[in-house]
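Asks: Provided below are the primary sequence and the corresponding predicted coordinates.
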Amino acid sequence: QVQLVESGGGLVQAGGSLRLSCTASGRTISLYSMGWFRQAPGKEREFVASINWSGGSTRYSDFVKGRFTISRDNAKNTVYLQMNSLKPEDTAVYYCASDQVSVVHRVPSNWGQGTQVTVSS
């Protein structure tokens, strides 16, 4: 079983940047599909970004494309989400997820506890 721990959330002004990290333990994630999701108050959890096992393929939701970048360091068992040009509507709890097959085409099998990102206007 993979345990995922997110870090790097916080409070930032609109236009600012944050980098989220997701570190895995219990098993190497080098062959796992990894992704980030978010959930704002009163809303459904939504997909943000994903990256395949090698880092050679990434996918983004339309509302973060061009502003967020997902990357991974398999040697450190860690996935990152660089968030630039943040907007108040990016405020949410951000969750890291992993799956041996895909975090996009099915519900991921592993989830972190989440990290709060708050963007002030």
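Replies: Right, received. Where do you want to start?
Asks: So what sits opposite the residue nearest the centre of the chain in the bridge?
Replies: Among the residues of the chain, the one closest to the centroid is W36, at 2.5 Å (CA atoms, centre = their mean). Judged by DSSP bridges, the bridge partners of W36 are A49, C96.
Asks: I'd assumed A92 was in contact with it.
Replies: No: contact status for W36 versus A92: not in contact, 10.4 Å apart, counting by CB atoms under 8 Å. C-betas here are computed from N, CA, C, even on glycine.
Asks: CA atoms of stretch 44-63 as CSV?
Replies: Once non-C-alpha atoms are left out, stretch 44-63 reads as follows in CSV (Å, rounded to 0.1, in the frame of the first residue of the first chain):
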residue,chain,number,x,y,z
GLU,A,44,-17.1,18.2,-6.0
ARG,A,45,-13.5,17.1,-6.1
GLU,A,46,-12.0,17.8,-9.6
PHE,A,47,-9.1,16.8,-11.6
VAL,A,48,-6.2,19.2,-11.8
ALA,A,49,-3.2,17.5,-13.4
SER,A,50,-1.6,14.1,-14.0
ILE,A,51,1.7,12.6,-15.0
ASN,A,52,2.6,9.2,-16.2
TRP,A,53,5.2,6.9,-14.7
SER,A,54,8.1,8.3,-16.7
GLY,A,55,7.1,11.9,-16.6
GLY,A,56,6.9,11.9,-20.4
SER,A,57,3.2,12.5,-20.6
THR,A,58,1.2,15.1,-18.6
ARG,A,59,-2.4,16.3,-18.7
TYR,A,60,-4.0,19.4,-17.3
SER,A,61,-7.5,20.6,-16.7
ASP,A,62,-8.4,23.7,-18.8
PHE,A,63,-8.6,26.0,-15.8
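Asks: any idea how far it is from the chain center?
Replies: With CA atoms, centre = their mean, to the nearest Å as the basis, stretch 44-63 stands 8 Å off its chain's centre.
Asks: what's around P88, how many residues?
Replies: P88 has 11 neighbours, counted by other CB atoms under 10 Å.
Asks: per-residue pLDDT, it?
Replies: What the model reports for P88 is a pLDDT of 97.
Asks: same question, G55
Replies: pLDDT, G55: 89.
Asks: Thanks a lot, catch you later.
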